[in-house]
Each structure stands twice: as C-alpha cells, then as structure tokens.
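Student: Structure, please.
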Amino acid sequence: MQLHKRDVVDAATALLDEYGIADLSMRRLARELEVSPGALYWHFANKQQLLGAVADRILQPVGAPAGDWRTRVAGVCGQLRDALLSHTDGAELVSASFAAGQSAVMTDVLGRLGDAAVDAGVATANAELTARTVVYYVLGFTVDEQSRRQWDAAGAELPEGPSLLTDDPDARFDFGVQLLIDGILARREQRV
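Tutor: This next block holds a predicted model:
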C-alpha cells in the first residue's frame with residue numbers, strides 16, 4: 001500500500017486526539033501506519049512540518065464570516081476557538097505551529113482579521129499586529145480552557161468559592177472578544 005501525505009496527516013490527527021501532543025511522535029506515528037519512521041520523512045522534512053499540516057487540518061473549519069468588521073472578527077474568533085477545542089491539545093499544537101511559521105491556514109486567518117481591522121479604520125501598517133493580537137488572545141484563552149478541561153477530566157480538586165475558572169467559559173471568551181473589538185474601535189477613533 002502506498003502511503004499518501006493525507007494518510008500521514010489523518011493518522012497524526014487521530015493520534016493527537018487519542019493521546020495528546022506529548023505522545024505524538026514520529027516513531028509512534030510510523031508504528032500506527034506500519035511503516036518505518038524514514039517513510040514519514042518522504043512526506044515531511046521534520047516533525048515541525050508534520051505538526052503544521054496537522055494544525056492546518058485542525059483549522060480547516062475556520063472560514064470567512066460575512067458581515068461588518070465586528071461580525072467578522074467575532075466570527076473568526078468563535079470559529080477558531082471551536083476548531084481548537086475540537087481536538088485534544090488543539091490549541092497547544094496550533095500555537096506551536098503558528099509560532100514556528102508552519103501553518104498556511106493560520107496565515108489566511110491572519111489575513112482575514114487584518115482585512116477586518118483595516119475595514120474598522122486601523123492603519124494598514126498596524127493591521128497584521130492587530131490580527132496577531134486577536135489570534136494570541138484566542139490561542140491563549142483556548143490553551144487555558146483545554147488545560148482546565150484536562151484537570152477536570154483527571155478529577156483534580158480545585159479551590160472552592162467563586163472563581164473565573166468556574167464561570168461560563170463561553171461568556172468569558174465573548175467578553176474578551178468584545179474587549180478586543182472595543183480596543184480596535186478605540187484605536188480607530190484615535191486616528192481621527
């Protein structure tokens with residue numbers, strides 16, 4: 001049987017979902033596919049490229065919402081969070097791939113957010129920085145949220161009493177997105 005790139009990405013994504021990023025190794029992946037580890041390097045030069053391809057697979061559902069700039073920013077943020085949460089350690093893997101410049105889909109996401117920022121009135125020179133700031137928020141929030149879910153799944157006991165960690169994560173996420181949108185609006189108003 002000939003091994004195709006998509007087969008490698010499918011198997012790596014399945015291993016990620018089953019075991020998490022810490023146990024996603026080239027050796028384990030090769031065993032799963034019943035090939036030698038060297039066969040994987042025919043498709044990917046290194047593990048970073050493989051993780052970038054898995055990140056792009058995770059991010060496939062993130063589209064280009066229609067509407068005004070606020071709706072587009074909020075829509076991309078929500079879709080991005082949903083995509084990250086749909087895979088074990090999805091936020092951690094995508095964050096690492098993004099930092100290493102290995103995700104083509106994240107480049108598209110940045111472009112959509114940057115376009116929305118320009119439509120909001122942010123200077124073109126600051127559009128990418130604005131987009132990255134929004135992405136950093138979503139990645140950070142979602143890494144934290146996935147960590148919390150892992151603690152809960154492990155049965156960890158957390159301190160009693162009111163805490164942001166026990167509040168509704170959707171409401172907390174939406175609050176942060178709205179804060180970012182308000183900040184973009186304020187930045188635009190400073191230009192006038």
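
Student: tell me the domain boundaries of this structure?
Tutor: Segmentation of the chain into domains, based on automatic domain parsing, reads 5-55, 57-191.

Student: Go through those and find the least confident stretch.
Tutor: Comparing mean pLDDT across those, the lowest value falls on domain 57-191: a mean of 90.

Student: From the chain's centroid, how far away is that one?
Tutor: 8 Å (CA atoms, centre = their mean, to the nearest Å).

Student: sorry, back to before: rebuild the domains of the chain as JSON lines, extending it with mean neighbour count.
Tutor: C-beta: built from backbone N, CA, C; applies to glycine. As requested, the domains of the chain are arranged in JSON lines below (neighbours: other CB atoms under 10 Å):
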{"stretch": "domain 5-55", "mean neighbour count": "16"}
{"stretch": "domain 57-191", "mean neighbour count": "16"}
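
Student: where do the helices sit along this structure?
Tutor: With DSSP state H as the definition, the chain shows helices at residue ranges 5-19, 26-33, 37-40, 47-59, 69-85, 90-99, 104-120, 127-153, 169-191.

Student: Show me what the longest one is packed against.
Tutor: Using 3 or more CB pairs under 8 Å, 6 or more residues apart in numbering; DSSP states H and E as the contact criterion, the elements in contact with helix 127-153 are helix 69-85, helix 90-99, helix 104-120, helix 169-191.

Student: So which of these is nearest Trp151?
Tutor: helix 169-191 (13.1 Å; CB to CB).

Student: packing partners for that closest one?
Tutor: Helix 169-191 is packed against helix 69-85, helix 104-120, helix 127-153, with contacts defined by 3+ CB pairs under 8 Å, 6+ apart.

Student: Is it possible to get a markdown table of those that adds distance to Pro37?
Tutor: Below are the helices and strands packed on helix 169-191 laid out as a markdown table (distance: least, CB to CB, whole Å):
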| stretch | distance to Pro37 |
| --- | --- |
| helix 69-85 | 28 |
| helix 104-120 | 25 |
| helix 127-153 | 28 |
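
Student: for these, which one sits closest to Arg6?
Tutor: Distances from Arg6 to each of the helices and strands packed on helix 169-191 were compared using CB to CB; the shortest belongs to helix 104-120, at 15.0 Å.

Student: separation between Phe175 and Ala74?
Tutor: 12 Å (CB to CB, to the nearest Å).

Student: Give me the common contacts of these two.
Tutor: Residues touching both Phe175 and Ala74 (CB atoms under 8 Å, 6 or more residues apart in numbering): none.
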